[in-house]
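> With the input below, show me the fold.
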Amino acid sequence: MRSKGSSIAGNPVLIGAATVLVILVAMFLSYNANAGLPFVPTYQLKMEAPSAAALVKGNEVRIGGTRVGAVDTITTRRRSDGTSVALINLKLERAVQPLPKDSTVIIRPKSALGLKYIEITRGTSKQGYQDGDTMPVSASRPTEVEFDEFVNMFDDPTRASMQDNLRGFGDAFAGRGSSVNVALGALPPLLRNIQPVARTLSSPRTGLKRFFNELGDAARIVAPAAQTQADLFVNLDRTFAALDVVDRPFIQDSISEGHPTLDTAIRSFPIQRPFLRNTQGLFHDLRPGVRALRAGAPDIASALTVGTHTLRRSPALNRRLASLLGELRRFSNDPVAPRGIKRLSQTLETLNPTLQSLAPVQLQCNYITLWFRNVSSLLSEGDVHGTWQRFIIIATPAGPNNEGGPSSAPANGPNSDNYLHSDPYPHTASPGQPKECEAGNEPWLTGRKVIGNVPGKQPARTEGTH
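Numbers count the residues shown, from 1 in each chain. Just a heads-up that it's a prediction; the model follows:
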């Protein structure tokens, strides 16, 4: 029979259960030690990072090398510009709060095995992050190059290429020690002379950075034409193979004669400059005429075909012209000739206004040709009684002031025929006049007196003109 005063220490079942409970609590606390002890208040922060590669839940968070918290969770967030960032929840100690807003973070390797931790560099700002705030991605600093990334750089193709390089450099330098010594002796002057070149290249005014940027743009632009460029080199190989057949003596002679040819060109080109300038002006002035020659090209071609036969006969003509040209030369050397030419120029200048007014009479209206034709017809056409000019009767209209006798005023009716129509100065398309050929085209206005130019605009041509 058990006594009433017995303690729990005398009960082995209770002692075993308590021991198991203590062990379970210890295991739970040790398992969750990285996430902090339970029921202990923490300072919660979120951090945006460009990448959380190799970072896992439970990794340490340090400030100044001291552990101040751990990584709670890692997720992703899609930003408004379409990019994605890692969103890391940090569980920090209360002593860290508040973390200044100008603090920076960086994800660093803890060992060569790939374990990571987050290092926070505390800022000095008076404003701090409150519990639950998010540190922007701008607070993250560039991730350092990891050891595994450095080792992965030396993959199988790279190691094979390094072996080939070492073997190639070894073969290249083998037996060339004296040449290497000569090269090393020439390096000091080269380095001295390259210093001003380097200063020029490093100057911002040189624009070397822009040069490489433009080279990149040029490479990007010509990338679609890579196959065409490859074909170009293939064609160049064929061309040079063809040139190899004629390199001696033809190309060799061209190169050897090139130097004296260039010297001759240097001496003669300055003398040719006036001729080239005049030629340039000539071709500039010929542009309108050359454009107009397009329509007449077939006729010019046929004329050149016919002219070929004519040119064969030109030497005899040139010999006959020799005496004429000699006389013209003596005439041009006569001191009286310039005065005569000057007087002739003055005469032409004086006649120019008159010719400007008279030229349309024939060129536009064809009046001179028509006058001679009509005079010829007047004196030659008729019937058995004679020409029209000899016996034709012209009846004058009846009425006062008609054209049959003296009158006191212009005829003005009352009959429809007894009206005066007189235009002493008809329009002939001369300067200052309308573009019309009035004489011979003016209408007869019945029952109306007309003195001077007929109202309205008449045709700008006559018989025989267009």
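
> For the rest of this, base every contact and every neighbour count on C-alpha atoms.
Will do.

> Just the terminal-to-terminal distance for stretch 214-233.
Criterion C-alpha to C-alpha, to the nearest Å; first-to-last residue distance in stretch 214-233 is 24 Å.

> And the helix or strand hosting Arg62, what does it pack against?
In this assignment (DSSP states H and E), Arg62 forms part of strand 60-63. The contact analysis (3 or more C-alpha pairs under 8 Å, 6 or more residues apart in numbering; DSSP states H and E) places strand 60-63 against strand 66-78, strand 116-121.

> quick one: strands adjacent to it?
Neighbouring strands of strand 60-63 in its sheet, by DSSP bridges, are strand 66-78 (antiparallel), strand 116-121 (parallel).

> Point out the most buried one among those.
Each of the strands paired with strand 60-63 was assessed for mean neighbour count using mean count of other C-alpha atoms under 10 Å. The highest is strand 116-121, with a mean of 20.

> What ranges does the protein have for its helices?
12-31, 147-152, 156-173, 177-202, 208-222, 226-245, 252-333, 336-363, 367-380, 388-391 (DSSP state H).

> need these in JSON lines with distance to His421, mean neighbour count and mean pLDDT, can you?
Conversion of the helices of the chain to JSON lines gives the following (distance: least, C-alpha to C-alpha, whole Å; neighbours: other C-alpha atoms under 10 Å; pLDDT from 0 to 100):
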{"stretch": "helix 12-31", "distance to His421": "132", "mean neighbour count": "12", "mean pLDDT": "71"}
{"stretch": "helix 147-152", "distance to His421": "113", "mean neighbour count": "10", "mean pLDDT": "71"}
{"stretch": "helix 156-173", "distance to His421": "112", "mean neighbour count": "11", "mean pLDDT": "87"}
{"stretch": "helix 177-202", "distance to His421": "94", "mean neighbour count": "11", "mean pLDDT": "85"}
{"stretch": "helix 208-222", "distance to His421": "82", "mean neighbour count": "12", "mean pLDDT": "87"}
{"stretch": "helix 226-245", "distance to His421": "84", "mean neighbour count": "12", "mean pLDDT": "88"}
{"stretch": "helix 252-333", "distance to His421": "47", "mean neighbour count": "11", "mean pLDDT": "86"}
{"stretch": "helix 336-363", "distance to His421": "22", "mean neighbour count": "13", "mean pLDDT": "85"}
{"stretch": "helix 367-380", "distance to His421": "20", "mean neighbour count": "13", "mean pLDDT": "76"}
{"stretch": "helix 388-391", "distance to His421": "22", "mean neighbour count": "12", "mean pLDDT": "56"}
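
> Mind checking those for the one nearest to Lys457?
With distances scored as C-alpha to C-alpha, the stretch of those nearest to Lys457 is helix 336-363 (16.5 Å).

> quick check: angle from that closest one to helix 367-380?
If you take axes from the mean of the first three to the mean of the last three C-alpha atoms, to 10 degrees, helix 336-363 sits at 70 degrees to helix 367-380.

> All further residue positions should be reported with the first residue as 506.
Shifting the count to begin at 506 puts that one at helix 841-868.

> Please name every helix or strand in contact with helix 841-868.
Right, helix 841-868 is packed against helix 872-885 by 3+ C-alpha pairs under 8 Å, 6+ apart.

> Return the distance of the helix it packs on from the chain's centre.
Relative to the mean C-alpha coordinate of its chain, helix 872-885 is positioned 67 Å out (C-alpha atoms, centre = their mean, to the nearest Å).

> what's near enough to touch the residue lying closest to Glu908 once chain neighbours are set aside?
Using C-alpha to C-alpha, 6 or more residues apart in numbering and skipping residues adjacent in sequence, the residue nearest Glu908 is Thr901, 6.2 Å away. With contacts defined as C-alpha atoms under 8 Å, 6 or more residues apart in numbering, the neighbours of Thr901 are 907-909.

> now that we have those, which one has the most neighbours?
Neighbour counts for the contacts of Thr901, by other C-alpha atoms under 10 Å, peak at Asn907, which reaches 21 neighbours.

> and that residue, what pLDDT?
Listed pLDDT for Asn907 reads 82.

> Grab the nearest non-local neighbour of it.
Nearest residue to Asn907 in three dimensions, chain neighbours excluded: Ala916, at 5.4 Å (C-alpha to C-alpha, 6+ apart).

> again, but for Arg583
Take Arg583 and drop its neighbours on the chain: the residue closest to it by C-alpha to C-alpha, 6+ apart is Ser589, 4.4 Å away.

> if we can go back for a sec, CA-only coordinates of the strand holding Arg567 in PDB, if you can.
The C-alpha trace of strand 565-568 is given here as PDB (Å, rounded to 0.1, in the frame of the first residue of the first chain):
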ATOM      1  CA  GLU A 565      22.000  34.900 -41.400                       C
ATOM      2  CA  VAL A 566      21.600  38.600 -41.500                       C
ATOM      3  CA  ARG A 567      24.600  40.500 -40.200                       C
ATOM      4  CA  ILE A 568      25.500  44.100 -39.300                       C
END
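
> Which residues outside it are in contact with it?
Against strand 565-568 from outside (C-alpha under 8 Å, 6+ apart): 539, 572-576, 595, 597, 621-627.

> gap between that strand and the chain center?
57 Å.

> now swap in stretch 926-945 and tell me
57 Å.

> list the buried ones in it?
Neighbour-count burial for stretch 926-945 flags 926, 931-935, 940-944 (criterion: 16 or more other C-alpha atoms under 10 Å).

> List the contacts of Val702.
The neighbours of Val702, taking C-alpha under 8 Å, 6+ apart as the test, come to nothing; the list is empty.

> returning to that earlier point: wait, which of the helices and strands packed on strand 565-568 is closest to Thr951?
If you check each of these against Thr951 by C-alpha to C-alpha, strand 571-583 wins as the nearest, at 97.6 Å.
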